[in-house]
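Peer 1: Structure for the following, please:
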Amino acid sequence: MADDPMLVLAATGGQGRAVTDALLGRRAPVRALVRDPDGASARALAKRGVDVVAGSLSDRESLAAAMSGVAGVFAFTTPFEAGVDAEVEQGRAILSAATQQRVPHLVFSSVAGADQDTGVPHFESKGRIETELASGDVPYTILGPTYFVDNVLGGAERVRGGVLDLPLPPDRPLQQLARPDLGAFAAEVLSNPASYVGQRIELAGDAPTPQQMAASLGAVLGREVRHEQAPLAAIDNPDMHAMWVFLNGPGYQVDIPALHDAHPEIHWTSFADWAQGAFAGAR
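Peer 2: Next up, the predicted model:
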């Protein structure tokens with residue numbers, strides 16, 4: 001029914017917030033699954049008219065309760081709290097709950113390249129979830145975001161000090177996506193499911209090189225920012241090391257012009273425009 005809510009899982013996280021914002025922008029009714037309904041982020045959602053419910057990505061019963069009577073679900077899993085096996089179990093709990101509740105459409109946020117046998121642990125875990133989703137009974141759409149532009153904020157102090165650290169050659173394009181663009185795309189898919197069911201769509205808004213990223217950041221800050229190519233050997237985390245080996249190798253393969261031509265309704269934020277908004281007050 002038209003007034004059935006869209007359920008957003010992990011609604012106070014970066015992706016969930018972006019999807020919730022985009023759905024509210026469309027005046028769609030939204031239900032949000034959060035771990036702590038009394039937290040500041042959850043209370044802020046409730047003030048915007050969101051139906052906030054408590055639950056966990058690994059708790060099938062709370063997921064099933066939240067999925068009751070929904071028009072669609074935006075699903076997200078993470079390996080960064082308890083590991084990749086725990087992420088796969090989250091995916092299974094979500095799919096089991098969606099099957100039980102006969103969810104009419106589940107949009108799963110995976111990652112670009114998850115179907116490429118990359119050897120990157122957190123790509124492979126999402127690939128396993130995709131496989132189970134595709135063999136199940138729940139109508140689904142898979143979205144594969146590339147590298148998020150706001151990952152730069154993890155090194156914001158270094159950037160403000162004039163250095164962009166990236167373990168890539170200076171002229172190597174890095175396909176990237178702004179979270180609001182993911183939110184807008186997911187809201188479009190949730191709102192018009194018939195056009196997207198059964199599809200796997202990889203998403204990128206821009207593909208600047210580290211040199212171009214540094215130039216954009218420098219232009220906003222009003223001072224030189226230089227790219228420093230961090231050595232791959234210095235990346236201790238095995239998952240992150242494998243990801244950067246992949247990005248130095250085949251990398252993401254989104255046909256950006258074709259994607260943007262097919263979806264002119266999405267703003268498609270450039271890295272330079274994102275940097276302007278993120279660092280404009282940091283001069």
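Peer 1: okay, CA-based contacts and neighbour counts for the rest of this
Peer 2: Fine.
Peer 1: Poorly predicted segments of the stretch 151-283 of the chain, please.
Peer 2: 281-283 (pLDDT under 70).
Peer 1: would you list every one of the helices in it?
Peer 2: Using DSSP state H, counting those that start in this stretch, the helices assigned to the stretch 151-283 of the chain run over residues 156-160, 179-191, 210-221, 238-248, 256-262, 271-279.
Peer 1: Quick one: distance of the last one to the chain centre.
Peer 2: Read that as helix 271-279. 18 Å (Cα atoms, centre = their mean, to the nearest Å).
Peer 1: what angle do that helix and helix 210-221 make?
Peer 2: Going by axes from the mean of the first three to the mean of the last three Cα atoms, to 10 degrees, helix 271-279 is angled at 40 degrees with respect to helix 210-221.
Peer 1: Please enumerate residues in contact with helix 271-279?
Peer 2: 149, 176, 178, 206, 208, 213, 216, 217, 220, 221 (Cα atoms under 8 Å, 6 or more residues apart in numbering).
Peer 1: The fourth one reaches residue 173, doesn't it?
Peer 2: Going back to what we said before, that points to residue 206. No - under the criterion of Cα atoms under 8 Å, residue 206 makes no contact with residue 173, lying 9.1 Å away.
Peer 1: check contacts around residue 99.
Peer 2: Contacts of residue 99 by Cα under 8 Å, 6+ apart are 137, 138.
Peer 1: distance of it from residue 200?
Peer 2: 20 Å (Cα to Cα, to the nearest Å).
Peer 1: Report the buried residues of the helix or strand where residue 22 lies.
Peer 2: Per DSSP states H and E, residue 22 falls inside helix 14-25. Neighbour counts using 16 or more other Cα atoms under 10 Å place 15, 16, 17, 18, 19, 20, 21, 22, 23, 24 of helix 14-25 among the buried residues.
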